[in-house]
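Engineer: have a look; sequence and predicted model below, questions after that.
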Amino acid sequence: MDKPAAGYWEAPAMLPQNHPARIELNDELHARPPEPLIPPCSISYLALCVSDAGKAEAWAHLCDLAKRFNVNPPAEGVNHFSAQFGPFRLKWERHSEYIRYKFIVAGNFTFLEPAIGKVPKDWLEGLPGQTLVARNILFTNGEPATQDSDKISELHFGGNALVGSLVAGGNARAYTDLRVHPDGFGRLLIENLSLTPRQAGRTIQRMVETDTYRMLALLALPVARELGPFLGECERELVQVTSSMADADIAGEPALLERLMKLEAAIGSQDSQSHFRFSAAAAYYKLVQGRILELREQRIEGLQTFQEFMERRLAPAMATCVAAAARLDALSSRVASVTRLLSTKVNIALEHQNQGVLASMNKRAELQLRLQQTVEGLSVAAITYYIAGLVGYASKAVKAAGVHLDPDLVIGGSIPVIAAIVAFGLHRFRASVSKH
């Protein structure tokens with residue numbers, strides 16, 4: 001058995017079982033590696049927003065392209081794929097919200113001869129998703145001396161104002177106008193000074209990612225603008241309800257509570273719909289800032305750097321989104337607070353009503369008790385009367401049998417005794433019922 005080379009630690013014959021996610025998490029560091037690039041070349045970059053169902057469709061569409069060019073298709077479920085397709089090379093990557101395509105063709109070209117022109121037109125027309133970013137990139141060998149930016153603009157960007165800088169620590173120059181041209185693509189010119197192929201791949205990937213994440217962050221801006229009128233209307237409704245609470249009577253408070261509940265439901269619905277977009281915008285904005293720092297820009301005299309342009313244009317838009325999200329959250333908290341206050345007020349009013357009801361019930365109970373006592377007194381008299389009648393009949397029968405007695409005296413003498421016994425019996429019965 002071969003011995004390990006000097007300086008290498010020899011692993012034990014058997015390691016404990018791997019964590020289920022060990023290999024996947026380790027390989028995540030190497031996911032979506034940048035494509036090495038050698039100038040001169042032309043690159044067409046697409047970023048398409050797709051749904052979950054569209055991701056599977058995009059994979060099937062890519063397999064169709066591989067079949068056309070006799071290329072081994074990507075395995076199902078992979079997140080990145082790279083291969084040579086005849087006249088062009090394709091780098092395909094799948095992300096959480098979008099899929100991006102990078103078509104690369106070697107050689108000297110202009111923006112009027114983009115790399116995407118080598119891709120079958122019918123295949124491009126069948127791409128699933130919605131275009132978020134489309135950019136043609138020229139990667140050329142640059143001269144050591146900086147060229148006149150006005151000439152570069154006239155030659156490549158239709159005379160538009162440029163944003164540009166030295167990137168990768170001064171090893172390349174990058175220019176763009178950040179506009180969509182009549183062909184539907186943006187344009188990026190990169191002049192190589194001393195980049196290695198892998199450095200070039202990383203630099204261009206950072207630049208296209210900056211553009212992509214910028215657009216993904218800005219998807220929250222229309223949401224923030226649409227929220228403005230809704231939030232204003234909700235705030236006015238809340239003010240009206242709050243003002244009405246002071247003068248509302250018990251009969252009107254349930255209607256106010258119902259208005260608050262409807263308002264809270266509408267705000268909760270809007271929050272559910274916009275929360276992801278605002279959270280994603282904050283995350284994408286941080287990625288934009290990180291990618292710009294990784295460019296290691298140096299100023300080209302007379303031009304705004306990418307960082308300056310992004311901070312000047314993108315930062316206010318992100319501040320608008322943050323303000324809209326904070327306003328929505330604050331409004332939700334205020335509505336919840338007013339709802340709790342009104343609910344407490346309604347509950348206190350109900351408690352007062354319940355106390356009145358209980359007091360009325362107590363009065364009725366007292367009256368019933370008095371009535372019961374009156375009925376009991378009458379019952380004693382009635383029972384005594386009937387029993388005294390029975391005693392009278394019995395005494396008359398005894399007199400008829402020859403015993404000398406006066407029935408009237410017997411009846412009169414028995415009445416107090418009978419009444420006392422009946423009253424005592426009813427008292428004991430009432431006491432027994434009360435005890436149980």
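Structural biologist: Sure thing, it's come through.
Engineer: contacts, neighbours, all on C-alpha from now
Structural biologist: OK.
Engineer: which residue ranges of the stretch 51-200 of the chain form strands?
Structural biologist: 80-85, 88-94, 98-106, 130-141, 163-167, 172-176, 186-192 (DSSP state E, counting those that start in this stretch).
Engineer: hmm, who's touching the third one?
Structural biologist: Surrounding strand 98-106, the residues in contact under the criterion CA atoms under 8 Å, 6 or more residues apart in numbering are 38-50, 55, 87-94, 115-116.
Engineer: repeat the analysis, applying 7 Å as the threshold.
Structural biologist: Strand 98-106 has contacts (CA atoms under 7 Å, 6 or more residues apart in numbering) with 40-50, 87-94, 115-116.
Engineer: and if you look at the fourth one?
Structural biologist: Under the contact criterion CA under 7 Å, 6+ apart, strand 130-141 has outside partners 39-50, 111, 114, 185-193, 212.
Engineer: and if we set it to 6 Å?
Structural biologist: With contact meaning CA atoms under 6 Å, 6 or more residues apart in numbering, strand 130-141 is reached by 39-49, 185-192.
Engineer: what angle sits between it and strand 186-192?
Structural biologist: Going by axes from the mean of the first three to the mean of the last three CA atoms, to 10 degrees, strand 130-141 is angled at 30 degrees with respect to strand 186-192.
Engineer: quick one: strand 130-141 to strand 98-106, angle?
Structural biologist: 30 degrees.
Engineer: next one: the second one
Structural biologist: Per the same axes, to 10 degrees, the angle that strand 88-94 makes with strand 98-106 is 160 degrees.
Engineer: how about the first one?
Structural biologist: Between the axes of strand 80-85 and strand 98-106, defined by the same axes, to 10 degrees, the angle is 30 degrees.
Engineer: any idea how the chain splits into domains?
Structural biologist: 31-199, 220-357, 365-435 (automatic domain parsing).
Engineer: tell me which of the strands of the stretch 51-200 of the chain lies nearest to residue 17.
Structural biologist: strand 80-85 (28.1 Å; CA to CA).
Engineer: related to what we said a few turns ago, by mean pLDDT, show me the worst of the domains of the chain.
Structural biologist: With a mean of 75, domain 365-435 has the lowest mean pLDDT of the domains of the chain.
Engineer: and for residue 34, the neighbour number?
Structural biologist: For residue 34, the count of nearby residues is 18 (other CA atoms under 10 Å).
Engineer: is it true that it lies in a strand?
Structural biologist: No - assessed with DSSP: H, G, I helix; E, B strand; the rest coil, residue 34 is coil; it does not lie in a strand.
Engineer: was I right about it contacting residue 201?
Structural biologist: Yes - between residue 34 and residue 201 there is a contact at 5.3 Å, judged by CA atoms under 6 Å.
Engineer: helix or strand for residue 302, just tell me which one.
Structural biologist: Counting by DSSP states H and E, there is no helix or strand that carries residue 302.
Engineer: would you mind measuring from it to residue 394?
Structural biologist: 136 Å (CA to CA, to the nearest Å).
Engineer: which of these two has more neighbours?
Structural biologist: Per other CA under 10 Å, whichever of residue 302 and residue 394 has more neighbours is residue 394, with 15 against 12.
Engineer: from residue 236, how far out is the more buried one?
Structural biologist: With CA to CA as the criterion, residue 394 and residue 236 are 92 Å apart.
Engineer: for burial, what's the neighbour tally of residue 260?
Structural biologist: 22.
Engineer: which SS class is it?
Structural biologist: Applying three-state DSSP: residue 260 is helix.
Engineer: nearest residue to it other than its sequence neighbours?
Structural biologist: Once flanking residues are discounted, residue 260 sits nearest to residue 339: 6.2 Å by CA to CA, 6 or more residues apart in numbering.
Engineer: show me what the helix or strand that that neighbour is a member of is packed against.
Structural biologist: Assessed by DSSP H and E, residue 339 sits inside helix 306-400. Packing contacts for helix 306-400, counted by 3 or more CA pairs under 6 Å, 6 or more residues apart in numbering; DSSP states H and E, involve helix 220-245, helix 407-435.
Engineer: and stretch 69-83, end to end?
Structural biologist: 10 Å.
Engineer: and if you look at stretch 116-130?
Structural biologist: Stretch 116-130: ends 17 Å apart by CA to CA.
Engineer: chain center to that stretch, what's the gap?
Structural biologist: Its chain's average C-alpha position is 34 Å from that of stretch 116-130, according to CA atoms, centre = their mean, to the nearest Å.
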